[in-house]
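*Asks:* Only the shape, not the letters, is given here:
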């Protein structure tokens, strides 16, 4: 029977016959923290009702192309925390960060040095890089998947009538030294979707919805753990207040103005252009 | 920028400009407990994804007549915990318990002693009672709203084509001594709805979905705090394992077999019948 002082214990006991031991462990911990939260703030009935209404509307905002609960997890820092737990490999490798909601279509396969910018406009940018092991071994077989927002902060899937399909996406096979390069435009900072319950929460708490400018990466090589990360544009606004807490110091790179004529010629870049170089170190697969 | 060891602090800080001080307090505590939970169980990406899928389906199961998040709150004991926080008045008054999801239609006004059982079947039952203050003063103006499941465990709104409208519901005005009485049938234990995510969770954790037999009450009197509670039928199965943790020792009453000819005559009951007597003490309004 219910007793307030033993409420978490009583509910935790109800899960004692759960066959899946991991599920039981998670539910018992969840109940303990949930009850501790309600007691700490002395949650009232009206407040519980408001919370239930918020969660209901969050679920009902979700469809095939919108995941409002992922957004909620993101703005509460839960996505980044789980990412850091999941990628805690103890090796000196490149930091991971959140996948984000825009990796919903397959990137087109492109040749090294090719451009991913299929529309007009934007600041010409060259990204060069190399994929290595933690020990610095070159990984010739590595594959690099990149996607990014445009100069106005939009992904192709957000403005399908305004830009060619798969604009600013590319899948690159590295060369024999694990090196890769692609041309693009400088991405812009942008707001996460604000027309749902999560947007209302940000407004109610005077939080801005912006993410600093970045390019997404998924990097894979046989025998190594897949890495999901971003590179952030140094100097972008919101680096210190990313709405989803995705920034790590190690992932902020200079996209420096470059006038190197040889490099410009090699990649057919107009001078001047922006240039970022990224070294990606992968952990061994478990 | 994100740091795993300071994750909750960093996210809590993001709420520091929230104008509504209570909202800020709740969100800061929620973030602290949410992050502590994820760290305690070392929540993995696949587990977070599964949780987000569960919450999404829970929201999408809700409609005008179904509230799956209330059910989730109920089976996690959160509803009862909040009920106990909200009704912590420190006076010697009748215990509260959860409202439940079936108080969705207005109870019909009935005369004292009238029956609320409009269909055939069931064990004839008489409920008598009195509404008092904590000090034992009779409350003549009290109003008692009751609703219950039938002998098969169904509320009228669950089987609208099988029973008359508003079957087993009644709104009674007490007499000059705060006394009330109504005829009914013995309620049966019943399962909470199992065709949604919450039902799947109960199945996955080998928990049964049943609630012990009970009659719902909302009792109101001018100058006193409204009381939402049940009386439970002593001897009913599941008293020790109510799926929503609603049972309190003080709310379990004998529905004893009765052969009192005078009482039978007064309320037009067939002999033998079941009889329960309930004394309800209300706290003063704040």
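*Replies:* That came in fine, so what should we check first? Worth saying up front: this structure is predicted, and the values here are computed from it rather than measured.

*Asks:* Please count neighbours and contacts with C-alpha atoms only from this point.
*Replies:* Noted.

*Asks:* Can you check the pLDDT for residue A:18?
*Replies:* The predicted local confidence for residue A:18 comes out at a pLDDT of 97.

*Asks:* Quick one: neighbours of it, just the number.
*Replies:* 18 (other C-alpha atoms under 10 Å in any protein chain shown).

*Asks:* Check the gap between the nearest residue to it once chain neighbours are set aside and residue B:44 for me.
*Replies:* Distances taken as C-alpha to C-alpha, 6 or more residues apart in numbering or on different chains put residue B:205 closest to residue A:18, at 4.2 Å, once the chain neighbours are dropped. Between residue B:205 and residue B:44 the distance is 20 Å, computed by C-alpha to C-alpha, to the nearest Å.

*Asks:* On the C-terminal side of whatever helix or strand residue A:203 lives in, identify the next helix or strand.
*Replies:* Element membership of residue A:203, judged by DSSP states H and E, is helix A:197-204. Following helix A:197-204 in sequence order, the next helix or strand is strand A:210-211 (DSSP H and E).

*Asks:* what about the helix or strand just after that following strand, average pLDDT?
*Replies:* Past strand A:210-211, heading to the C-terminal end, the next element that is a helix or strand (DSSP H and E) is strand A:214-220. Per-residue pLDDT values across strand A:214-220 average out to 98.

*Asks:* So strand A:214-220, near chain B or not?
*Replies:* No: residues of strand A:214-220 contacting chain B under C-alpha under 8 Å from any C-alpha of the partner chain: none, with a closest distance of 14.4 Å.

*Asks:* Tell me where the model's unsure across the stretch 51-200 of chain A.
*Replies:* Counting by pLDDT under 70, the low-confidence segments of the stretch 51-200 of chain A come to A:89-90.

*Asks:* Please enumerate the strands of it.
*Replies:* Remark: strands assigned in the stretch 51-200 of chain A by DSSP state E, counting those that start in this stretch are A:109-110, A:124-133, A:143-148, A:169-173, A:179-185, A:190-191.

*Asks:* any chance of those strands in JSON lines, plus mean neighbour count and distance to residue A:29?
*Replies:* As requested, the strands of the stretch 51-200 of chain A are arranged in JSON lines below (neighbours: other C-alpha atoms under 10 Å in any protein chain shown; distance: least, C-alpha to C-alpha, whole Å):
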{"stretch": "strand A:109-110", "mean neighbour count": "14", "distance to residue A:29": "44"}
{"stretch": "strand A:124-133", "mean neighbour count": "21", "distance to residue A:29": "37"}
{"stretch": "strand A:143-148", "mean neighbour count": "23", "distance to residue A:29": "37"}
{"stretch": "strand A:169-173", "mean neighbour count": "23", "distance to residue A:29": "40"}
{"stretch": "strand A:179-185", "mean neighbour count": "24", "distance to residue A:29": "45"}
{"stretch": "strand A:190-191", "mean neighbour count": "18", "distance to residue A:29": "34"}
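
*Asks:* I'd like those laid out as CSV, including distance to chain B.
*Replies:* Conversion of the strands of the stretch 51-200 of chain A to CSV gives the following (distance: least, C-alpha to the nearest C-alpha, whole Å):
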stretch, distance to chain B
strand A:109-110, 27
strand A:124-133, 23
strand A:143-148, 20
strand A:169-173, 24
strand A:179-185, 25
strand A:190-191, 16
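
*Asks:* So which residues of chain A form helices?
*Replies:* With DSSP state H as the definition, chain A shows helices at residue ranges A:7-13, A:21-40, A:45-60, A:68-75, A:78-86, A:197-204, A:261-267.

*Asks:* so which of these comes closest to chain B?
*Replies:* For chain B, the closest of the helices of chain A is helix A:45-60, at 4.1 Å, according to C-alpha to the nearest C-alpha.

*Asks:* is the closest one up against chain B anywhere?
*Replies:* Yes: residues of helix A:45-60 contacting chain B under C-alpha under 8 Å from any C-alpha: A:45, A:48, A:52, A:55-60.

*Asks:* hmm, what's the outermost residue in chain A?
*Replies:* If you look at how far each residue of chain A sits from its centre, by C-alpha atoms, centre = their mean, the farthest one is residue A:1, at 44.9 Å.
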